[in-house]
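# would you be able to build a 3D model of this:
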Amino acid sequence: MSLTELTSRDAVLLAMMEFDGLGRNAFLAKYGFAPSSRYQVVNSGRAYDSKAIAGAAFGFQFPKRGALRASEFSGGAASVVPVFEKLGFEIQDGGVATEDDLTISPNDLRLVRQGRSKAKYSDLTNEKADPAGQSELALRAVALPMFANSHGDIFGGWLLSQMDIAGAQVASRRAKGRVATIAITAMVFRGPVLVGDEVSCYAKITNVGRTSMTVNIKAFARREDETVEVTEGLFTYVAIGSDKKPRPVDPGG
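Got it, this is the predicted structure:
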């Protein structure tokens with residue numbers, strides 16, 4: 001499937017209507033997309049996450065084929081932008097650096113590559129659900145029915161978004177300012193999140209580069225009398241300055 005097949009303006013408008021009806025977080029969770037880091041598609045003065053809208057709109061135009069998943073296409077200037085412009089939509093460039101735009105140090109790149117290595121996956125040990133340790137509680141949320149898939153479990157995209165928000169809060173405090181997500185690596189899904197679970201995300205900074213920080217994030221689900229670890233991953237964030245460009249992180253904290 002190719003995004004270039006998206007040629008229906010009405011399909012895009014239907015996706016935007018669903019976005020408005022569900023709300024941003026629920027819409028992104030339903031389709032498994034992260035918030036757009038740069039490009040927004042604008043309609044009637046309102047901005048929407050361009051990649052998520054494109055993926056959902058594809059499903060409206062081709063219902064038998066279904067929506068495009070985030071992994072099936074790029075959300076950059078060479079893909080999503082020309083499709084929307086051809087359909088007559090305005091594109092808003094937030095100017096926030098994406099992974100391809102960032103200029104980071106060799107050490108920053110080493111941290112990202114290390115997280116992507118197979119050996120790093122084995123480092124995510126299956127320990128007991130003891131969220132205290134040296135990690136801090138960064139976010140807590142209840143998994144609502146609106147975030148469930150057809151099997152009754154919570155969409156992995158929703159859980160991923162909660163972990164990303166949690167890690168960004170910790171990284172932002174360390175950077176003393178705005179941060180942007182540039183990589184999510186070494187994800188391990190240990191078990192499902194069920195409707196009604198209380199999800200807690202614990203985060204700990206494991207590495208600090210010149211402009212980037214790597215955060216280990218664990219998510220735990222509390223249901224009735226038990227708490228289980230459901231997900232763990234490594235998230236890499238880059239500190240962003242007032243000019244919306246990468247800036248150095250104070251090595252002293």
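
# doesn't residue 227 lie inside a strand?
Yes. Under DSSP: H, G, I helix; E, B strand; the rest coil, residue 227 sits within a strand.

# hmm, residue 220 and it touching each other?
Yes. Using C-beta atoms under 8 Å, residue 227 makes contact with residue 220 at a distance of 5.4 Å. Quick note: C-beta positions are derived from backbone N, CA and C, even for glycine.

# which one's more surrounded, these two?
Between residue 227 and residue 220, counting by other C-beta atoms under 10 Å, residue 220 is the more crowded of the two (22 against 17).

# distance check, the more buried one against residue 162.
Per C-beta to C-beta, to the nearest Å, residue 220 is found 12 Å from residue 162.

# now for those two: what residues contact both?
Both residue 220 and residue 162 are in contact with 199, 201, where contact means C-beta atoms under 8 Å, 6 or more residues apart in numbering.

# please save the CA atoms from stretch 19-29 in CSV.
Below are the C-alpha coordinates for stretch 19-29, written out as CSV (Å, rounded to 0.1, in the frame of the first residue of the first chain):
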residue,chain,number,x,y,z
PHE,A,19,-10.4,13.3,15.2
ASP,A,20,-12.7,16.0,16.4
GLY,A,21,-15.2,13.5,17.8
LEU,A,22,-12.7,11.3,19.6
GLY,A,23,-10.3,14.0,20.7
ARG,A,24,-6.6,14.0,19.8
ASN,A,25,-5.3,11.5,22.3
ALA,A,26,-8.0,8.9,21.6
PHE,A,27,-7.6,9.3,17.8
LEU,A,28,-3.9,8.8,17.9
ALA,A,29,-4.2,5.8,20.2
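
# next, the buried residues of that stretch.
Applying a neighbour-count criterion of 16 or more other C-beta atoms under 10 Å, one finds 19, 22, 25-29 buried in stretch 19-29.

# kindly report the same for stretch 196-210.
Neighbour counts using 16+ other C-beta under 10 Å place 197, 199-205, 207-210 of stretch 196-210 among the buried residues.

# those residues in strands, which ones?
Secondary structure assignment by DSSP state E places 199-205, 207-208 of those in strands.

# between those, which sits nearest residue 237?
Distance to residue 237 across those (C-beta to C-beta) is lowest for residue 205, with 9.4 Å.

# how close does that closest one get to residue 177?
According to C-beta to C-beta, residue 205 and residue 177 sit 15 Å apart.

# tell me how far the longest helix anywhere in the chain lies from the chain's centre.
When the chain is parsed with DSSP state H, its longest helix is helix 156-175. Here the centre of helix 156-175 is set off from its chain's centre by 8 Å, with C-alpha atoms, centre = their mean, to the nearest Å.

# which secondary structure elements does it contact?
Using 3 or more C-beta pairs under 8 Å, 6 or more residues apart in numbering; DSSP states H and E, the elements in contact with helix 156-175 are helix 24-31, strand 136-142, strand 179-189, strand 198-208, strand 212-223, strand 226-239.

# return the helix or strand in the protein with minimum mean pLDDT.
When each helix and strand of the chain is scored by mean pLDDT, DSSP states H and E, helix 118-122 comes last, with a mean of 38.

# okay, buried residues for the host helix or strand of residue 16 please.
Under the criterion of DSSP states H and E, residue 16 resides in helix 9-22. Residues 9, 11-16, 18-19, 22 are the ones in helix 9-22 that count as buried (16+ other C-beta under 10 Å).

# ok, so of those residues, who is nearest residue 84?
Comparing the buried residues of helix 9-22 against residue 84 with C-beta to C-beta places residue 12 closest, at 7.3 Å.

# report the contact partners of the closest one.
6, 41, 53-54, 57, 60, 84, 87, 89.

# now residue 168: closest residue in space, sequence neighbours ignored.
Leaving out its chain neighbours, the residue that sits closest to residue 168 by C-beta to C-beta, 6 or more residues apart in numbering is residue 179, at 5.7 Å.
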